[in-house]
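**Student:** Generate coordinates for the sequence data below:
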Amino acid sequence: MLIYPQLTTGALTQYRIVKVRQERTIQNTLADGSVISVADPAGAAVQWKLQYTALSDTERQALENFFTAAEGTLNGFTFLDPSANLVAWSETLSNAVWNAAPELALTGGIQDPKSGTNAWRLTNNGAGGQSVTQVLNVPTTYTYTFSVYLSASQATNVRLLLGSATASATLSNAWSRYQITGSGNATATYITLGVDVPAGAAVSLFGPQVEAQQTASVYQTSTNGGVYENARLQNDLLTVTTTGVNRHSATVNILYYANNL
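**Tutor:** Modelled structure (predicted):
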């Protein structure tokens, strides 16, 4: 499937971004005049308005090539929401989207750095490193930043995992946010992210987040994540205004239906 292009800066778009979420409710009026209302998740839609300024010739060409390949509104593509956490179920490590190694025990309801109880304790009962990971079906050549809050009751070294990149982090009993920036294997179709805990260690984890950019932004809790497959352009033509040498501006409108129409 087509992939929406990333800018040469490593960002997916520029600010400001306009994002509109639409929900649909089905109503049934009964004979006695009473009304039954039921939410219809399949009727939900999300719209983005991406406004670009000072695009380089290379970035302009990438957008034009993308419009040509998508044939305007005809073909679907994968879009990574630049305003969202790409990770699914960021505060529910018990969800099936997360893969925990056999000897890694997960305990929820731990006090988190945001004064809630949405953190998790990861206890490695094995003789070697054990990890908790999630797989994202995203373009592997893009630049991503994985960030996560971690702490441990005693000094502990863990590894952050992001595609083909790894980074070591030394934890203390105070919450700190750690991050790693990288990409994946160019021949793969997915990226794996996560945290590897050494043998015998116990660490607390909160707020895993992945973004298609060079550094982490403010943490956002997520459920379904920000990867939208089969999104569509809302316009058949891309209008580009040249404002100077190697400087162009454009607006791109994108639409996603929950039922993937």
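
**Student:** Ala62: which element?
**Tutor:** Per DSSP states H and E: Ala62 is located in helix 57-70.

**Student:** which strands and helices sit next to that helix?
**Tutor:** Using 3 or more Cβ pairs under 8 Å, 6 or more residues apart in numbering; DSSP states H and E as the contact criterion, the secondary-structure elements in contact with helix 57-70 are strand 2-3, strand 45-55, strand 240-244, strand 247-257. Where C-beta positions appear, they are placed from N, C-alpha and C, glycine not excepted.

**Student:** what's the angle between the second one and helix 57-70?
**Tutor:** If you take axes from the mean of the first three to the mean of the last three Cα atoms, to 10 degrees, strand 45-55 sits at 150 degrees to helix 57-70.

**Student:** likewise the last one?
**Tutor:** Using the same axes, to 10 degrees, the direction of strand 247-257 lies 30 degrees away from that of helix 57-70.

**Student:** quick one: strands adjacent to strand 247-257?
**Tutor:** Partners of strand 247-257 in the sheet, by DSSP bridges, are strand 45-55 (antiparallel), strand 227-233 (antiparallel), strand 240-244 (antiparallel).

**Student:** What residues sit buried inside stretch 88-98?
**Tutor:** When neighbours are counted by 16 or more other Cβ atoms under 10 Å, the buried residues of stretch 88-98 are found to be Ala88, Trp89, Ser90, Glu91, Thr92, Leu93, Val97, Trp98.

**Student:** closest to Ala202 among those?
**Tutor:** Closest approach between the buried residues of stretch 88-98 and Ala202, by Cβ to Cβ: Leu93, at 14.4 Å.

**Student:** quick one: the helix holding Ala62 to chain centroid distance?
**Tutor:** Between the mean C-alpha location of helix 57-70 and the chain-wide mean there is a distance of 23 Å, by Cα atoms, centre = their mean, to the nearest Å.

**Student:** got it, and stretch 49-58?
**Tutor:** Averaging C-alpha coordinates over stretch 49-58 and over its chain gives two centres that are 22 Å apart (Cα atoms, centre = their mean).

**Student:** Give me the residues contacting that stretch.
**Tutor:** Stretch 49-58 is touched from outside by 7-8, 13-14, 16-19, 59, 63, 82, 240, 243, 246-254, with contacts defined as Cβ atoms under 8 Å, 6 or more residues apart in numbering.

**Student:** Next: stretch 90-105.
**Tutor:** When contacts are taken as Cβ under 8 Å, 6+ apart, the neighbours of stretch 90-105 outside the stretch itself are 88-89, 106, 108, 118, 120, 122-127, 130-135, 194, 197, 205-209, 220-222.

**Student:** likewise stretch 8-19?
**Tutor:** Judged by Cβ under 8 Å, 6+ apart, the contacts made with stretch 8-19 from elsewhere in the structure are 4, 6-7, 46-53, 56, 58-59, 80-83, 143, 212-214.

**Student:** What residues of that stretch count as buried?
**Tutor:** Within stretch 8-19, the residues that qualify as buried by neighbour count (16+ other Cβ under 10 Å) are Gly10, Ala11, Leu12, Thr13, Gln14.

**Student:** List just the nearest of those to Glu229.
**Tutor:** Checking the buried residues of stretch 8-19 against Glu229 with Cβ to Cβ, the nearest one is Leu12 at 15.5 Å.

**Student:** Setting aside sequence neighbours, what's the nearest residue to that closest one?
**Tutor:** With Cβ to Cβ, 6 or more residues apart in numbering as the measure, Pro82 is the residue that lies nearest to Leu12, at 4.2 Å, once sequence neighbours are left out.

**Student:** got the domain boundaries for this protein?
**Tutor:** Domain assignment of the chain by automatic domain parsing yields the ranges 2-83+226-257, 98-211.

**Student:** Dump the ones you listed into a markdown table; add mean pLDDT as well.
**Tutor:** Listed next are the domains of the chain as a markdown table, based on pLDDT from 0 to 100:
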| stretch | mean pLDDT |
| --- | --- |
| domain 2-83+226-257 | 88 |
| domain 98-211 | 94 |
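
**Student:** How far does stretch 121-139 sit from its chain's centre?
**Tutor:** When distances are taken as Cα atoms, centre = their mean, stretch 121-139 is centred 18 Å away from the chain's centroid.
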